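1. Give me a model of this one.
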Amino acid sequence: MRLTKGGELIIVQDYISAKLVELRGEKTQKEVSEALGITDKSLSHYENGRRRPSVDMLYKIAKYYGVDMNIFFDNE
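-> Prediction:
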């Protein structure tokens, strides 16, 4: 699946990865991963696009940050 951003095609995985980094902000990967019940290595893999988080994990992440899950798919 691909989304567009300013007329440019981007791969959804890259978009999700960028959103994860953006949402984490100043928090450490260790802090966020512990809250999510995953390893910091798993979070790192999600953020750098090496692994794709499941829909359940995206829901858990969205809930943790207090955002709607659609943030990972809506680039407008």
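
2. Just give me the neighbour total for the closest residue to residue 32 other than its chain neighbours.
-> Leaving aside its sequence neighbours, residue 32 sits nearest to residue 24 (Cβ to Cβ, 6 or more residues apart in numbering; 5.6 Å). C-beta coordinates here come from the backbone N, C-alpha and C atoms, glycine included. Residues near residue 24, counting by other Cβ atoms under 10 Å, number 17.

3. Residue 24 contacts residue 47, doesn't it?
-> Yes - Residue 24 is in contact with residue 47 according to Cβ atoms under 8 Å; the separation is 7.4 Å.

4. State the helix or strand in which the residue nearest the centre of the chain lies.
-> Central residue of the chain (Cα atoms, centre = their mean): residue 20, 3.1 Å from the mean position. Assigned by DSSP states H and E, residue 20 belongs to helix 12-24.

5. Can you name every helix or strand that the helix or strand just after that helix contacts?
-> Proceeding C-terminally, helix 12-24 gives way to helix 29-36 as the next helix or strand, assigned by DSSP H and E. Applying 3 or more Cβ pairs under 8 Å, 6 or more residues apart in numbering; DSSP states H and E, one finds that helix 29-36 contacts helix 40-48, helix 55-65.
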